[in-house]
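*Asks:* Here's my sequence, what's the structure:
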Amino acid sequence: MTRPDVAAIAERAAAVRDRIEAAGGDVERVRLVAVTKGFPVEVVRAALDAGLVDLGESYVQELVAKADALDAEEDRPVWPRWHLVGRLQRNKIRKAAPHVALWHSVDRLSVGAEIARFAPGAPVLVQVNTSGEEQKGGCRPAMAPAVVDGLRDLGLDVRGLMTIGPAGPPEEARPAFRALRELAEQLEVTELSMGMTDDLAVAVEEGATMVRVGTGLFGPRADRPKVQH
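*Replies:* Reported below is the predicted structural model:
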């Protein structure tokens, strides 16, 4: 493939941070997670060279392959913090555990138990389906307190909550983001992973502490390779 343009990625990252600031967010407090899923490892290297160290992946096999490729580069000056942002399958957690810095999409205790088994004390976010869309992952809001308590009982470090806004105009995501913030306040957790390329401004206005941006940094994705995940 053509070598990714590091300067262009850095410019787009600056534009995303400008959007965060325009929405009232502090770029020192709202973490930009660059979602590299579906992009080759060359894009990951370019993202790191552009100063993006928080990298998000959805599929375990893809994350592990990229992490292994980078680990082979002994002289790499910058190393990523991997965020697993996609739906989790219990039988894949063992492979991902050595690499993941933050698990974004923990929505049931059976998944939490596997994370606790292979990454004791790991930091996690509870994914909550605040939009009510059946096709989206996440526990129901009413179940979130029990999931949070159960994960803590497993010894995991529950940092906060995560959600995915509904498809459509960005403003239509506001109720889902607001519901997540209000739930986080009730549960006394501080991290809110919500908002992507199109709706990140609304998410920041509603209190996001992390936004997950892929196409806004790297452009459209090619068709995803058919891998097990």
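
*Asks:* Could you use CA atoms for every contact and neighbour count after this?
*Replies:* Noted.

*Asks:* which residues does Val78 contact?
*Replies:* By CA atoms under 8 Å, 6 or more residues apart in numbering, the residues touching Val78 are Leu48, Asp49, Val53.

*Asks:* any idea how far Arg29 is from it?
*Replies:* Computed as CA to CA, to the nearest Å, the Val78 to Arg29 distance reads 21 Å.

*Asks:* do the same with Leu63
*Replies:* The gap separating Leu63 from Arg29 is 25 Å, by CA to CA.

*Asks:* Can you pick out the residue with more neighbours from the two?
*Replies:* More neighbours surround Leu63 than the other of Leu63 and Arg29, with 25 against 10 (other CA atoms under 10 Å).

*Asks:* I'd assumed Glu57 was in contact with that one.
*Replies:* Yes: Leu63 is within contact range of Glu57, at 5.9 Å (criterion: CA atoms under 8 Å).

*Asks:* who touches both of the two?
*Replies:* Counting by CA under 8 Å, 6+ apart, the contacts common to Leu63 and Glu57 are Lys37.

*Asks:* Output the below-cut-off pLDDT ranges for the chain.
*Replies:* Scanning the chain for pLDDT under 70 picks out the ranges 1-3, 222-229.

*Asks:* Point to the residue nearest the middle of it.
*Replies:* The centre of the chain sits closest to Val85, judged by CA atoms, centre = their mean, with a distance of 3.9 Å.

*Asks:* Show the contacting residues for it.
*Replies:* Taking CA under 8 Å, 6+ apart as the contact definition, Val85 lies against Gly56, Glu57, Ser58, Trp103, His104, Ser105.

*Asks:* What separation do you get for it and Gln127?
*Replies:* Distance, Val85 to Gln127, by CA to CA: 10 Å.

*Asks:* between those two, what contacts are shared?
*Replies:* In contact with both Val85 and Gln127: His104, Ser105, using CA under 8 Å, 6+ apart.

*Asks:* Distance from stretch 75-85 to the middle of the chain?
*Replies:* Here stretch 75-85 is found 13 Å from its chain centre; the criterion is CA atoms, centre = their mean, to the nearest Å.

*Asks:* actually stretch 77-91, not the one I typed
*Replies:* When distances are taken as CA atoms, centre = their mean, stretch 77-91 is centred 8 Å away from the chain's centroid.

*Asks:* Number the chain from 631, please
*Replies:* I'll keep to 631 as the first residue from here, and by that count the last item is stretch 707-721.

*Asks:* how about it: buried residues?
*Replies:* Using 16 or more other CA atoms under 10 Å as the test for burial, stretch 707-721 gives Pro710, Arg711, Trp712, His713, Leu714, Val715, Gly716, Arg717, Leu718.

*Asks:* next one: stretch 656-672
*Replies:* By 16+ other CA under 10 Å, the buried positions in stretch 656-672 come out as Val657, Val660, Arg661, Leu662, Val663, Ala664, Val665, Thr666, Lys667, Gly668, Phe669, Val671.

*Asks:* Check stretch 635-648 too.
*Replies:* For stretch 635-648, burial by neighbour count (16+ other CA under 10 Å) applies to Val636, Ile639, Ala640, Arg642, Ala643, Val646, Arg647.
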